[in-house]
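Q: The following block contains a protein sequence and its predicted model.
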Protein chains: 2
Amino acid sequence: MFESAELGHKLDKKTYAREAARLRADLLDMQYDIKQAAQLPVIILINGVEGAGKGETANLLNAWMDPRHIETHAFPAPSDEERERPPMWRFWRALPPKGKIGIFVGNWYTDPVVARVSGRIKHAELTVAIDDILRFEKMITDEGALVIKFWFHLSKDGQKKRLKALEKDPKTRWRVSKRDWKLFDDYDHYVNVSEHVLRETSSGYAPWTVIDGSDENYRTIAVARHVLDTVRRRLTQKDGKKKVSSRIAPFERALDGRDLINSLDMTQKLSVKKYASELEKWQGRLNLLARDPRFREHAVIAVFEGNDAAGKGGTIRRITGALDARWYDIVPVAAPTEEERAHPYQWRFWRNLPRHGRIVIFDRSWYGRVLVERVEGFCSEADWMRAYAEINDFENQLNRNGTIVVKFWLTISAEEQLKRFKEREKTRFKRFKITEEDWRNRDKWDAYEMAVCDMVDRTSTEIAPWTLVEANDKYFARIKVLKTLCERLEAALK
Amino acid sequence: MFESAELGHKLDKKTYAREAARLRADLLDMQYDIKQAAQLPVIILINGVEGAGKGETANLLNAWMDPRHIETHAFPAPSDEERERPPMWRFWRALPPKGKIGIFVGNWYTDPVVARVSGRIKHAELTVAIDDILRFEKMITDEGALVIKFWFHLSKDGQKKRLKALEKDPKTRWRVSKRDWKLFDDYDHYVNVSEHVLRETSSGYAPWTVIDGSDENYRTIAVARHVLDTVRRRLTQKDGKKKVSSRIAPFERALDGRDLINSLDMTQKLSVKKYASELEKWQGRLNLLARDPRFREHAVIAVFEGNDAAGKGGTIRRITGALDARWYDIVPVAAPTEEERAHPYQWRFWRNLPRHGRIVIFDRSWYGRVLVERVEGFCSEADWMRAYAEINDFENQLNRNGTIVVKFWLTISAEEQLKRFKEREKTRFKRFKITEEDWRNRDKWDAYEMAVCDMVDRTSTEIAPWTLVEANDKYFARIKVLKTLCERLEAALK
C-alpha cells in the first residue's frame, strides 16, 4: 500500500509557490462553502510514521485557512477523566460541528497501532479496535460527516535520514526523542501493523490516502490538493449536481508527474540465450514446487492484468508449459455473461476458485472493477471506491484458506504498444487479436495508468502484493513472472 | 432480543385461513414484481433454535410461491470440495440471481454459532466470523440484494415441549435426533451466543427479525407477512416513489394483537404501608451499593423512557433520594440545542457520560431516535433502522468500560394517562406539565406502542436489558425500578 509513497516524489520551488498561491485561495473559498452553503463537518485524520511531516502539515493547513473554522486536536496520554470513559469518548468530545474542519493529529488509530507494535495488545484486541473504528466512522459518515484520512509514509531509509537531519539542526533537535528512535528500530513491524490496519479500514466511505512524506513541498501540496478535491466532490454531490463537476479531475496526476508506472525501468531486457537458460531453470523449479507434497495444503491464484498487447497470453503459456495439464485452469475474463450480470460482480470469480493442490490463472480478473469499469464509467464512484476494500477482503479470505494470490501487472510503453498493434494488423493469424476497442483504449492511456497506480496503492498488500512487470521485452517479462511465482510459492511452502 | 418471541403468540384457525389466502395471492404477485419489474435478488435466511419450525416454514414458502423462482438451500457438513475453499464459497455458489428468491435454511450464521456453543472456536474467532459476515452482507446489499433474516425462537420450556411432542408422534419422531437433545442441554448457552451474534449483526441494511416459533399458524403468517412487507417497501423505494406506499403499514400490529406492552399486568399495585417499608429497604440498599468501594471501578447510567405522565420524574426522585447529591447527575433530554444539532445525534449523550463511581440519570435519552423521531418522521427509515445497531454498539462500549446501563420503560394505560392529564390541567401547580403536544401524542398511541416494542426487541441485550415497568400504580413502579437498579448493581459488583 506504500508503493507510490516510496517513489521519492519531489516538487521544485517554483511549482510549489505557484500551486501554493492557487490552493490557499481555493481552500479559503472551500471553507466558506463548507460553512455557508453546506454546513458540512469535515474531519481530517493525520497519521503515519514519525518524521514524515504530520505536525508540520497540520500547522500549515491552519496557516493557510481561516483558523476560526478549524479545530486542531492532538491526543497525548489520556487524562484520568478520559480513562474512566469508553476510549472513544475523547474523540467524541473533539468532533467538529457542522460547517467546521477538525484536524486530528493522532486519533483513534494511534493507540491501537502503537499498542499492537509494542505488544501491549494481541491481534484479537486489534481486531476489536478495528471493528470499533469501522462502526464509528460508518456512523459519523452516515450522519453526514466527511472523513479524510491521511497516512504519511517514509521508507525506512527515508525515516532514518529525516530523523538524523532533524537531530543535526539545533533548531529542530527537540523534535526527535528517544521514543522516535525506539520506534525506528521497530520500523518493519510498525509498517506491517500499519499496512494491516490501513487495509482493514480503507472503506468506501472513508478511504485512506497515503502521502509520500519525504519532500516537504510535495507533501504539502498533495495534502492541500486532496482536501480540496475531496470536499469539492462531496459538495457537488450534495447539491444534486452531476457527480463530478468539471473543476474536479477524476484522474489527476501527481504534481511532479511521477507515478509507479512511469518510474519503471522499461529498458530491461534479456538476450535469447540468457532467456532460454533462465526459462528452463524457473520452469523446472515451478514444476517441482507444484509437485511438492506441502502444496496439497495450498492453492495458487495467479492474476494477470496489463496493457493491451503486453504479452499476457504468451507469459501464461510459459507458466502452463511447466505444469501438467491436470493441475491448472485458465479463466479468461471478458464481458460478463447474462448469468454473471445477475449476481454481484465477485460471483464469477468465486465460481472459479481452485481446490487445494491446484492452480487457477485469471487472464484479467476482479480488478476490472477498478480498471475498465472505473475508467469507462460502467459503475459509480461509490461502487469502485468500495471495491478496493471488498477485493482486499476477498483476497484475505483466500489467504486464510491457504491460497497463494500472485498478481501481475504487465506494462508496456505506448510506443511499444503501437508497434505491436500495427504488427498484429499486418500478421494474418494475429489479426483477431486487435479490435476497434483496443485503439479506443489507447486514447485513455493516462486515465488507465492512474487507475492502475491507484489499484496498486490500494490493493497491494502483504498477503497479496502486486508485481509490476516491465514487459517491453517479452523475455524479461516472462522470466520475472516465473521467478516471482516460484519465490512466492517457496515462501508459502516453507 | 427475544422478549416479544416469548409472549406465546397464537393464531386461531379462522384468522389463519383468511390471512393465508390473502398472503398466498400477494406473494405470487410479489414474485412477479421481483422477477419482471425489479430484477431484485432476495435472500431469506432462516435460523434459530431447533424445533421452532425452520424447515416447515421453508417448505411452506415453497408451497405458497412459484417454486420455479425459488431456490432453497440447506448446508450440511461441508464437502471436501467446500473444505478446500474459503468458508464463504459454498454460499457464493448458492446465491440467487436477480429476480429470484434464495431461501437459506442454515447459512453463514449456522457454523459460527454452533462452533462457539460447542467451544470449538474461541470468542476472538467468533468476532472474526461476525466481521466476515458483516462485510459479506454489506457487499451483497450494496450490490443490490435484499437480505431478510429470520431468527426462530422458542423459550426453554417451549423447546422442551416441542421436542417431546415431535417425539411422541410416530410421524414426526424422525425429526428429533440425539443432537437436538444435546443442543437443548446447552439451551442457555446457545441463546446467549445467539443473542450476541444477533446484536452484532443486526445492521440497518440487513436487520434480524425474531419470530415466535411456538405456534405454527402464527409463525407462518408472521414470516409471510414480513417477507411481503419488506419486499414491497424495497420495491417502492427502487421505483423512486414515495418511500412507504399506502399498502405498507409502517406500524403493523402482530396478527393476534399481542405485544410486550399490552401483555403486561397493569393491575399490579402496592399499599401505602407496603410501599413505605419497601422504599426504605431499597433506598438503603442503593445507598450502600453506591458507597461500595468496588463501585469505584464502575459507573451507572439509568435511562428513563415512558409514556407521558407515567411518573418518570417522581421515580427519579426516589432514586436520588437515596443518594448524596455529589454522586449523581440528572440529564433531562428535550429537543436538541443548536450546538447539538450540529453533531451526530449520539454526541449529546457522549457529552454526559459519567466517570467511574458516578451515576447519571437520563430523563429520556438516545432512544428518542427510535421513538419520537421515528414516529413523527423526524428522521428517515434508513436512519432509525441503523440506529438500533449504533445504540447497541454505544452501550457495548459503555459496558466494556465498566458502566452499568439500566433502562426503564414506564408504561401506563391510555385511560390512566387521560386521568392524569385531566388532573394536571386542574391542579394549578402541575399545569406546566401538560401541553398541546401531550394531547397530540395520544393520537399516535398505537404507533408509539409498536415503536416501543420494536425498540425493546432490538435493543434489550444481555449487557443492557430493558425493564418494562407497570406504572398505573406509582408505588409499584417506583419499587420495581429501585429493586431492579439494586439488583443490577449487585450483579455487577460481585
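A: Structure received. Numbers count the residues shown, from 1 in each chain, chains lettered A, B, ... in the order given.
Q: in chain A, which helix or strand is least confident?
A: helix A:436-443 (a mean of 78; mean pLDDT, DSSP states H and E).
Q: can you tell me which helix in chain A is longest?
A: helix A:216-238 (DSSP state H).
Q: Go through it and flag the buried ones.
A: In terms of neighbour count (16 or more other CB atoms under 10 Å in any protein chain shown), helix A:216-238 has its buried residues at A:217-236. In this view, the C-beta of every residue, glycine as well, is placed from N, C-alpha and C.
Q: Other residues contacting the helix or strand just after that helix?
A: Sequence-wise, the next helix or strand downstream of helix A:216-238 (DSSP states H and E) is helix A:272-291. Here helix A:272-291 makes contact (CB atoms under 8 Å, 6 or more residues apart in numbering or on different chains) with A:270, A:295, A:318-319, A:321-324, A:327, A:359, A:475, A:478-479, A:482-483, A:485-486, A:489-490, A:493.
Q: Select from the residues you listed every entry located in helices.
A: A:R318, A:I319, A:Y475, A:R478, A:I479, A:L482, A:K483, A:L485, A:C486, A:L489, A:E490, A:L493.
Q: looking at those, which has the most residues close by?
A: For these, the largest neighbour count, defined by other CB atoms under 10 Å in any protein chain shown, is 26 neighbours, found at A:R478.
Q: ok and the helix or strand hosting A:G55 relative to helix A:216-238, angle-wise?
A: A:G55 is part of helix A:54-64 when elements are defined by DSSP H and E. What separates the directions of helix A:54-64 and helix A:216-238 is an angle of 60 degrees, with axes from the mean of the first three to the mean of the last three CA atoms, to 10 degrees.
Q: what about helix A:54-64, average pLDDT?
A: Helix A:54-64 carries an average pLDDT of 91.
Q: For that helix, list every residue counted as buried.
A: Quick answer for helix A:54-64 (16+ other CB under 10 Å): A:K54, A:G55, A:T57, A:A58, A:L60, A:L61, A:W64.
Q: before we move on, the earlier item: can you name the next helix or strand after the least confident helix or strand of chain A?
A: According to DSSP H and E, the helix or strand after helix A:436-443 is helix A:445-459.
Q: still on that earlier bit, which positions within the least confident helix or strand of chain A qualify as buried?
A: Per 16+ other CB under 10 Å, helix A:436-443 contains these buried residues: A:D438, A:N441.
Q: residues near the spatially closest residue to A:S214 that is not a sequence neighbour, how many?
A: Excluding its sequence neighbours, the residue lying closest to A:S214 (CB to CB, 6 or more residues apart in numbering or on different chains) is A:G158, at 4.9 Å. By other CB under 10 Å, 20 other residues sit near A:G158.
Q: what's the nearest residue to the residue in the stretch 151-300 of chain A positioned nearest to chain B if we skip its chain neighbours?
A: Using CB to the nearest CB, the single residue of the stretch 151-300 of chain A nearest to chain B is A:A299, 7.4 Å away. Nearest residue to A:A299, sequence neighbours excluded (CB to CB, 6+ apart): A:P354, at 4.1 Å.
Q: what residues does stretch A:477-491 touch?
A: A:270, A:275, A:278-279, A:282-283, A:285-286, A:289-290, A:295, A:300, A:302, A:310-311, A:314-315, A:318-319, A:322, A:404, A:406, A:408, A:410, A:467, A:469-471.
Q: circling back: farthest pair within the ones in helices among the contacts of helix A:272-291?
A: Using CB to CB, the ones in helices among the contacts of helix A:272-291 reach their maximum pairwise distance at A:Y475 and A:L493, which is 27.2 Å.
Q: got the ones in helices among the contacts of helix A:272-291 as TSV, with pLDDT columns?
A: Formatted as TSV, the ones in helices among the contacts of helix A:272-291 follow (pLDDT from 0 to 100):
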residue	pLDDT
A:R318	96
A:I319	96
A:Y475	97
A:R478	97
A:I479	98
A:L482	97
A:K483	98
A:L485	98
A:C486	97
A:L489	96
A:E490	96
A:L493	93
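Q: Assess the claim that A:P332 and A:I361 are in contact.
A: No - using CB atoms under 8 Å as the test, A:P332 is too far from A:I361 to be in contact (9.3 Å).
Q: A:I330 belongs to a strand?
A: Yes - under DSSP: H, G, I helix; E, B strand; the rest coil, A:I330 falls within a strand.
Q: Please identify the helix or strand for the nearest residue to it once chain neighbours are set aside.
A: Sequence neighbours aside, A:I361 is the residue nearest to A:I330 in space, at 4.8 Å (criterion: CB to CB, 6+ apart). Here A:I361, judged by DSSP H and E, is contained in strand A:359-363.
Q: Please enumerate residues in contact with the helix or strand hosting A:V210?
A: Assigned by DSSP H and E, A:V210 belongs to strand A:208-212. Contact with strand A:208-212 is made by A:1-2, A:4-9, A:48, A:52, A:148-153, A:198, A:201-202, A:218-219, A:222-223, A:226, A:457, as judged by CB under 8 Å, 6+ apart.
Q: Going by residue numbers, what spans are strands in the stretch 101-250 of chain A?
A: A:101-105, A:146-153, A:208-212 (DSSP state E, counting those that start in this stretch).
Q: can I see the domain layout of chain A?
A: Domain assignment for chain A, taken from automatic domain parsing, gives A:4-238, A:272-493.
Q: Quick one, which of those domains gets closest to B:P170.
A: Nearest of the domains of chain A (CB to CB): domain A:272-493, 43.4 Å.
Q: Compute the first-to-last residue distance for the closest one.
A: Its start and end residues considered, domain A:272-493 measures 32 Å (CA to CA, to the nearest Å).
Q: Isn't A:E56 up against A:G213?
A: No - contact status for A:E56 versus A:G213: not in contact, 9.4 Å apart, counting by CB under 8 Å.
Q: What parts of the stretch 201-350 of chain A come near chain B?
A: A:A299, A:E339, A:R341, A:A342, A:H343, A:P344, A:Y345, A:Q346, A:W347, A:W350 (CB under 8 Å from any CB of the partner chain).
Q: Could you rerun that using 7 Å?
A: A:E339, A:A342, A:H343, A:P344, A:Y345, A:W347, A:W350 (CB under 7 Å from any CB of the partner chain).
Q: since we're on the last one, how many residues are nearby?
A: Neighbour count of A:W350, defined by other CB under 10 Å: 21.
Q: next one: the third one
A: Counted with other CB under 10 Å, the neighbours of A:H343 add up to 22.
Q: Point out where chain A drops to low pLDDT.
A: Applying pLDDT under 70 to chain A flags residues A:238-251, A:428, A:431, A:433.
Q: what do you get if the cut-off is 50, keeping everything else the same?
A: Low-confidence segments of chain A, defined by pLDDT under 50: A:240-248.
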